[in-house]
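Enquirer: this one's structure only:
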């Protein structure tokens, strides 16, 4: 089993049959020891974060499967903290697609002149480049197309998939009285050329609140998988 | 005559008949004493910069008038370094619309992972918010619409006007063997609700090269108005 990539919160291995194995780690992104799903650095190690992330990801990917959303998910092994997935090619060196229901984080840092913290946003989708060195800059549909990263048609597919998936996640969270502020998704292209959801969907990818209080990734997994 | 606004490179007065008077100053934007059209700070004072800017702006606005491009221009007084214009309302607290023919400046700082310095770009248009505090963040068509700054239809008008105007300026510069890398325009809405070009078009708004060497705003005005 060959390690293909060592990530901030997961390592990726190639299995003999060509599928990939994701190994979830206990590291979470953040800044100065404070969890921040939008951060580019590993802020801290939280015991159990890897397993919590995998549990929640598995729950959400299974729900998405029932709703006919194309994803890379095959199966999870909670004891080994691993997930088996279909291999997929990233767009360029990787994109993140964000869906925002309320203003927070980098959106406010950029558009704070026109938006207040927590203000409702109408399923606002934006794309950022995965580029630690340049602090994950947002990029428009036109720029993605011009730089050969993503065609205009694929952008629309990505945007619609992002809204569909985010709405499903938001609805699931709402059942437990949890409100989704924003969520970050990743997509890739499978062997047949289809755009599919990749990576994970866990507390590390989203901002959520219950009774106006932020919930951390481990607490979120506990609530969603046990309550 | 009432002063309405004190800008970095121009002051704006209201005339008794309701028109505005722009007074061009000798200050140019830049960073640490180096001219940079994309900078947000006044980098230095260049004697004659105001008059050079007005001369070039007048030349370009007259050419645009002949080509039926709607602008705020009425007349210039070179001795007083002033320009009389139609009043216009900004979009939100002001937008800048950039047209890029080659990669430079903030485009490279954001997308340098996918573009090389000086690489050809296909009339790439992007919009930034005028917001010194947040370093003029780029903003997408979707975000402009959601935040109530500019509708989708007006965005398309702005984008097409930007390409038309930039192409005319590029063509005029090319007559003197000068190449336009990028140009920054501002638009407003007149009393009748039409979108018109406002502000100035001078060396302070663009990056230009001749024989591969950058040309500063005063030199550019000299070349364009005397050669």
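Expert: Arrived safely, thanks for sending. Computed from a prediction, not measured in an experiment: that's the story for all the values here.

Enquirer: Show me how far stretch A:121-141 is from its chain's centre.
Expert: Its chain's average C-alpha position is 13 Å from that of stretch A:121-141, according to C-alpha atoms, centre = their mean, to the nearest Å.

Enquirer: any residue of it up close to chain B?
Expert: Yes. Contact check for stretch A:121-141 against chain B, using C-beta under 8 Å from any C-beta of the partner chain: residues in range are A:121-122, A:124-126, A:129, A:131, A:133-134, A:137-141. (Each C-beta comes from the backbone N, C-alpha and C, glycine too.)

Enquirer: end-to-end on that stretch?
Expert: Start-to-end span of stretch A:121-141 (C-alpha to C-alpha, to the nearest Å) is 19 Å.

Enquirer: For it, buried residues please.
Expert: Along stretch A:121-141, the positions that meet the burial threshold by neighbour count (16 or more other C-beta atoms under 10 Å in any protein chain shown) are A:121, A:124-131, A:136-141.

Enquirer: taking those residues one by one, which sit in strands?
Expert: Using DSSP state E, the members of these that fall within strands are A:121, A:124-129, A:138-139.

Enquirer: Need the max-distance pair from the residues you listed.
Expert: A:121 and A:129 (21.1 Å; C-beta to C-beta).

Enquirer: Which residues does the helix ranked longest in chain A contact?
Expert: Ranked by residue count, the top helix of chain A under DSSP state H comes out as helix A:152-175. Among residues not part of helix A:152-175, those counted as contacts by C-beta atoms under 8 Å, 6 or more residues apart in numbering or on different chains are A:60, A:63-64, A:67, A:69-70, A:91, A:97, A:99, A:101, A:123, A:125, A:127, A:141, A:144-145, A:150, A:179-180, A:183, A:185, A:187, A:195, A:197, A:201, A:206, A:208, A:224.

Enquirer: If you count contacts, what does the helix or strand where residue A:218 lies end up packed against?
Expert: Per DSSP states H and E, residue A:218 falls inside helix A:217-226. Contact analysis of helix A:217-226 by 3 or more C-beta pairs under 8 Å, 6 or more residues apart in numbering or on different chains; DSSP states H and E lists helix A:49-66 as its packing neighbours.

Enquirer: Can you list the buried residues in the helix it packs on?
Expert: In terms of neighbour count (16+ other C-beta under 10 Å), helix A:49-66 has its buried residues at A:49-61, A:63-64.

Enquirer: Domain map for chain A?
Expert: Under the assignment automatic domain parsing, the domains of chain A span A:2-85, A:95-216.

Enquirer: Which one, of these, ends up nearest to residue B:75?
Expert: domain A:95-216 (33.9 Å).

Enquirer: Return the residues of chain A in contact with chain B.
Expert: Those residues of chain A that sit near chain B, judged by C-beta under 8 Å from any C-beta, are A:92-93, A:109-115, A:121-122, A:124-126, A:129, A:131, A:133-134, A:137-143, A:146-149.

Enquirer: Start and end of stretch A:205-213, how far apart?
Expert: Chord length of stretch A:205-213, first to last residue, is 17 Å (C-alpha to C-alpha).

Enquirer: residues making contact with it?
Expert: For stretch A:205-213, the surrounding residues in contact (C-beta under 8 Å, 6+ apart) are A:37, A:104-105, A:169, A:173, A:176-185, A:199, A:214-215, A:220, A:223.

Enquirer: one more time with 6 Å, if that's ok
Expert: The contact list for stretch A:205-213 (C-beta atoms under 6 Å, 6 or more residues apart in numbering or on different chains) reads A:37, A:104, A:177-184, A:215, A:220.

Enquirer: Check stretch A:111-127 too.
Expert: The contact list for stretch A:111-127 (C-beta under 6 Å, 6+ apart) reads A:95, A:97-100, A:102-103, A:108, A:138-139, A:159, A:162-163, B:131, B:146-147.

Enquirer: Now do residue A:170 against residue A:63, distance only.
Expert: Per C-beta to C-beta, to the nearest Å, residue A:170 is found 12 Å from residue A:63.

Enquirer: where does the residue nearest the centre of chain A land on pLDDT?
Expert: Centre of chain A computed as the mean C-alpha position; nearest residue by C-alpha atoms, centre = their mean is residue A:185, 3.5 Å away. Residue A:185 carries a pLDDT score of 98 in this model.

Enquirer: Might one say that it is in contact with residue A:97?
Expert: Yes. Taking contact to mean C-beta atoms under 6 Å, the distance of 4.9 Å between residue A:185 and residue A:97 places them in contact.

Enquirer: Quickly run through the sheet partners of the least confident helix or strand in chain A by mean pLDDT, with directions.
Expert: Within chain A, no helix or strand scores below strand A:34-35, which has a mean of 70 by mean pLDDT, DSSP states H and E. For strand A:34-35, sheet partners with direction are given as strand A:27-31 (antiparallel), following DSSP bridges.

Enquirer: Compute the inter-axis angle for the strand it pairs with and helix A:217-226.
Expert: Relative orientation of strand A:27-31 with respect to helix A:217-226: 130 degrees, computed using axes from the mean of the first three to the mean of the last three C-alpha atoms, to 10 degrees.

Enquirer: Any buried residues in strand A:27-31, and which?
Expert: Applying a neighbour-count criterion of 16+ other C-beta under 10 Å, the buried positions in strand A:27-31 are A:27-30.

Enquirer: where are the low-confidence patches of chain A?
Expert: Within chain A, the stretches with pLDDT under 70 are A:32-33, A:43, A:227.

Enquirer: Kindly recompute the last result at 80.
Expert: In the predicted model, chain A carries pLDDT under 80 at residues A:28-44, A:46, A:227.

Enquirer: how much space between the residue nearest to the centre of chain A and residue A:50?
Expert: Residue A:185 is 20 Å from residue A:50, where distance means C-beta to C-beta.

Enquirer: And residue A:86, by the same measure?
Expert: Where residue A:50 is concerned, residue A:86 sits at a distance of 21 Å (C-beta to C-beta).

Enquirer: sorry, back to before: farthest pair within the buried residues of stretch A:121-141?
Expert: Every pair in the buried residues of stretch A:121-141 was compared (C-beta to C-beta); the two farthest apart turn out to be A:121 and A:131, at 24.0 Å.

Enquirer: chain center to the longest helix of chain A, what's the gap?
Expert: Its chain's C-alpha centre and that of helix A:152-175 lie 11 Å apart, by C-alpha atoms, centre = their mean.

Enquirer: Report the buried residues of the helix or strand just after it.
Expert: On the C-terminal side of helix A:152-175, the closest following helix or strand by DSSP H and E is strand A:179-189. Judged by neighbour count (16+ other C-beta under 10 Å), strand A:179-189 contains these buried residues: A:179-188.

Enquirer: Same question for stretch A:200-217.
Expert: Going by neighbour count (16+ other C-beta under 10 Å), the buried part of stretch A:200-217 is A:200-209, A:215-217.

Enquirer: mind checking the end-to-end distance for it?
Expert: Here the two ends of stretch A:200-217 are set 13 Å apart, with distance taken as C-alpha to C-alpha.
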